[in-house]
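[1] Take this sequence and fold it.
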Amino acid sequence: MNKTLRKRHDAQKKAHGVATGLSDVFATDGAKKNVATLGSTVADVAGQATEQEQARIDRQDAVADCRTLRRVLRGEISLVVKVSALVKLEESDAKEMQSPDWGSDDNLLFRARAILNTATVHAERFVAEGLPPDFLTMLASQIDRFAAAKARVSDAVQRFAAATETIHQRLSMGKQAIGVLEGLLVNAPNAPDGALVQLRQAKRIGPRVKEAPATASSTPAPAATPEPKAA
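    This is a model prediction of the structure:
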């Protein structure tokens with residue numbers, strides 16, 4: 001959760017603490033409902049912040065896995081392409097045996113699958129030219145692992161975005177509840193002295209803005225006229 005959202009959440013948490021301490025003032029069903037709404041939104045935001053952090057960690061781990069798996073997959077594809085030069089393939093099959101453009105993960109997967117499919121059809125001939133017998137099985141597994149890691153990255157990004165959207169929604173709900181409670185407190189005849197100030201201070205986001213000190217007048221004071229000396 002970024003700094004701005006965290007400050008808003010902290011302010012609403014403080015406001016909820018003030019509101020729960022004014023149960024005698026917020027005694028009606030409507031007032032209790034708003035206090036409960038504020039409490040649930042505070043809890044929801046905390047939960048979504050945890051989900052955000054978990055999604056961030058999951059994405060970081062998945063990106064690291066992609067980096068490793070990408071390097072291994074490129075090496076395996078390169079070996080199959082090099083061995084294919086020794087295998088007499090039909091022209092249509094030979095065209096598939098080209099190293100992919102390394103700049104795109106999607107293109108890497110497309111080419112890897114095409115190369116795997118072509119090599120699998122001629123597996124015995126590839127093995128006869130030096131490819132390890134289980135290499136194509138390893139390549140298929142590597143492709144699946146890389147695709148799964150890419151999917152984990154996308155899933156983590158989507159989860160983070162969903163948690164962020166939920167946080168914004170819950171903070172808006174909390175703000176509305178505080179507005180209602182503040183209005184009730186303004187019009188409550190039994191409100192304790194200072195309760196309204198306490199709630200308003202609690203909901204404030206960030207430190208109080210200090211008033212700038214009064215600046216000195218730019219017009220200099222007139223010089224004192226010297227008294228004439230006695231003769």
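[2] How about the most centrally placed residue in the chain: what's its closest non-neighbour residue?
    Centroid-nearest residue in the chain, with C-alpha atoms, centre = their mean: Phe160, separated by 4.4 Å. Among residues not flanking Phe160 along the chain, Ala55 sits closest, at 4.0 Å (C-beta to C-beta, 6 or more residues apart in numbering). (Glycine included, C-beta is placed from N, CA and C.)
[3] same question, His168
    Among residues not flanking His168 along the chain, Leu5 sits closest, at 7.7 Å (C-beta to C-beta, 6+ apart).
[4] next one: Val35
    Distances taken as C-beta to C-beta, 6+ apart place Ala19 nearest to Val35, at 4.8 Å, with adjacent residues excluded.
[5] On the pLDDT front, check the one you found for me.
    We have a pLDDT of 94 for Ala19.
[6] Assign it to helix, strand or coil.
    Taking DSSP: H, G, I helix; E, B strand; the rest coil as the rule, one finds Ala19 in the helix state.
[7] Just give the number of residues close to it.
    Neighbours of Ala19 under the rule other C-beta atoms under 10 Å: 28.
[8] Tell me the spacing between it and Ser78.
    Using C-beta to C-beta, to the nearest Å, Ala19 is found at 65 Å from Ser78.
[9] next one: Leu116
    13 Å.
[10] Could you do Ser154 as well?
    Ser154 is 27 Å from Ser78, by C-beta to C-beta.
[11] and if you look at Gly130?
    Using C-beta to C-beta, one gets 14 Å for the distance from Gly130 to Ser78.
[12] again with Asp144
    19 Å.
[13] cool, Gln142 as well?
    13 Å.
[14] go on, Glu124?
    Glu124 is 21 Å from Ser78, by C-beta to C-beta.
[15] Then Val18?
    66 Å.
[16] Which element, helix or strand, includes the residue nearest to the centre of the chain?
    Taking DSSP states H and E as the criterion, Phe160 maps to helix 135-186.
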